[in-house]
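Asks: Okay, sequence plus prediction incoming.
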There are 2 protein chains.
Amino acid sequence: MRTKDKAKIQALIKTRKAQILDAAMLVFSRDGFNKASTDEIANVAKLGKGTVYRYFKDKKELFIATVDRGLDRLKDSILAKVDGIDDPLERIEAGSKAYLTFFGKNPALIDMMIHEQSEFKERIKKQYFEHYYGSIDRMRRIFRKGITGGLIKNVDVDTAISILTNILNGQIYMWRVEGKKGFPEDKISVILKIFFTGVIKDEKRRQKYE
Amino acid sequence: MRTKDKAKIQALIKTRKAQILDAAMLVFSRDGFNKASTDEIANVAKLGKGTVYRYFKDKKELFIATVDRGLDRLKDSILAKVDGIDDPLERIEAGSKAYLTFFGKNPALIDMMIHEQSEFKERIKKQYFEHYYGSIDRMRRIFRKGITGGLIKNVDVDTAISILTNILNGQIYMWRVEGKKGFPEDKISVILKIFFTGVIKDEKRRQKYE
DNA sequence: TTTAATTGACGGACTGGCCAGTCAGTATAA
DNA sequence: TTATACTGACTGGCCAGTCCGTCAATTAAA
């Protein structure tokens, strides 16, 4: 094999990693980090356990890599749907819908994230907000553009962003708990109606909070 | 001992359970269900491991009891703050604030709930929505009252409730991740401003979503 | 009242099972 | 023949739950 076919070697590594990550996603999302066994992951991947440890240093690294691959796909998927939309409100709408749609198609990632929260507090502490989705800055820009353009109220941008993502995460989580009926994106219109315009109808009362 | 001192026996049971639950809260919230060892819980409680198993069937039952005690206290705490407030909007405001304040004082419960999500999917599936906080019905009534009274828009009540609780849960979670700076209830005014009146400023755009 | 018997709370050493990670040996491809 | 991808039996450590001995408190007997 020598120095010969570097491309082939890279291709093999890629195949094996993908094979293992697919299996890991299945087993980890179902059983959680602790109860999942590397033996089963190896079996599902149709590889020996030693091979798994050839491509991933330990169980923790494998878990993290599994989550990361999911989040990368999420980010790509949203960017693709949002690309080219300039109007802030429309972009928020499209992004939110893409977010829900992605999880509707990839429910295992929901469980992975729940398990990650429970097991890897420290990692999340360091990475979540600035780096996790690699999207915070982009969202800040959208919101600021909306504010300077007079579309959006002059609220604290980070809080507004966190509120929107919390609503979306919560909806995804509830969709999972309730047995994955329908599609999570079905509720997008109610969600955005509330996030964009609030629940209060009465004008006088509304002004008290504006 | 005979039929004599039933009260004393009950008192002992109560003391021991409280002792164990306090220790369990500390250890479980810090280490999660799997990594926490019953040996350490026993040590922290200053009891032998055998004694822990005298009062709780197994590790799982102990964990659940720990969460349940926390949730009962949460419910009591909110009800006390909300009692006597008739106006729906004011009641939502007071309840939301009480919710955040409680977790600000009891951050260990946040971690317990995160670990519970990760470990006991089935329990949550069955209990969360109708029974978990024992509060869903109460909240439904408040929102319906607001709608019939013309204060609140005629949105789907359950979705509106889930959005509000998701926002609050998310804020608590972020407060934890960000290192518990300040108090989680500090952001209550921005949260309610958005939940009550939305983020859109521009009237024309607003009408598109109403 | 004193002493003996009984009860049951308590402790913690022990066991059986599980599993992450290793490593010596095998298969395969160059 | 050689290099390396692969395998899975094995090991060492961990820990939930058990179980029996201990001891303090209570009751019965003397």
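Replies: Arrived safely, thanks for sending. Model, not experiment: these values are computed from the prediction. Residues are numbered from 1 along each chain as shown, chains lettered A, B, ... in the order given.

Asks: Pull out the buried residues from stretch A:101-118.
Replies: A:101-104, A:106, A:108-118 (16 or more other C-beta atoms under 10 Å in any protein chain shown). The way it works is simple: take the backbone N, C-alpha and C, and place the C-beta from them, glycine included.

Asks: Would you mind writing the CA trace of that stretch as PDB?
Replies: Taking C-alpha atoms only, stretch A:101-118 is exported to PDB below (Å, rounded to 0.1, in the frame of the first residue of the first chain):
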ATOM      1  CA  THR A 101     -38.200  20.500   9.100                       C
ATOM      2  CA  PHE A 102     -34.700  19.200   9.500                       C
ATOM      3  CA  PHE A 103     -35.400  17.700  12.900                       C
ATOM      4  CA  GLY A 104     -38.600  16.200  11.600                       C
ATOM      5  CA  LYS A 105     -36.500  14.300   9.200                       C
ATOM      6  CA  ASN A 106     -33.700  13.600  11.700                       C
ATOM      7  CA  PRO A 107     -35.300  12.900  15.000                       C
ATOM      8  CA  ALA A 108     -32.300  10.900  16.300                       C
ATOM      9  CA  LEU A 109     -30.400  14.100  16.500                       C
ATOM     10  CA  ILE A 110     -32.900  15.400  19.000                       C
ATOM     11  CA  ASP A 111     -32.100  12.500  21.400                       C
ATOM     12  CA  MET A 112     -28.400  13.000  20.800                       C
ATOM     13  CA  MET A 113     -28.600  16.600  21.900                       C
ATOM     14  CA  ILE A 114     -30.600  15.700  25.000                       C
ATOM     15  CA  HIS A 115     -28.100  13.100  26.000                       C
ATOM     16  CA  GLU A 116     -25.300  15.500  25.300                       C
ATOM     17  CA  GLN A 117     -26.800  18.100  27.600                       C
ATOM     18  CA  SER A 118     -26.900  15.500  30.300                       C
END
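
Asks: Wondering if that stretch reaches DNA strand C at all.
Replies: No. Judged by C-beta under 7 Å from any atom of the strand, stretch A:101-118 and DNA strand C are separated, with a smallest distance of 13.2 Å.

Asks: packing partners for the longest helix along chain A?
Replies: Longest helix in chain A, counting residues (DSSP state H): helix A:6-35. If contacts are counted by 3 or more C-beta pairs under 8 Å, 6 or more residues apart in numbering or on different chains; DSSP states H and E, helix A:6-35 sits against helix A:38-44, helix A:49-55, helix A:59-82, helix A:107-119, helix B:6-35.

Asks: at 10 Å instead, please
Replies: helix A:38-44, helix A:49-55, helix A:59-82, helix A:107-119, helix B:6-35, helix B:107-119 (3 or more C-beta pairs under 10 Å, 6 or more residues apart in numbering or on different chains; DSSP states H and E).

Asks: Ok, which of these comes nearest B:Lys204?
Replies: helix A:59-82 (22.8 Å; C-beta to C-beta).

Asks: now the angle between helix A:6-35 and that closest one, please.
Replies: Orientation note: helix A:59-82 sits at an angle of 110 degrees relative to helix A:6-35 (axes from the mean of the first three to the mean of the last three C-alpha atoms, to 10 degrees).

Asks: so does helix A:59-82 get close to chain B?
Replies: No. Shown here: helix A:59-82 not in contact with chain B (C-beta under 10 Å from any C-beta of the partner chain), separated by at least 12.4 Å.

Asks: Give me the mean pLDDT for that helix.
Replies: Across helix A:59-82, pLDDT averages out at 96.
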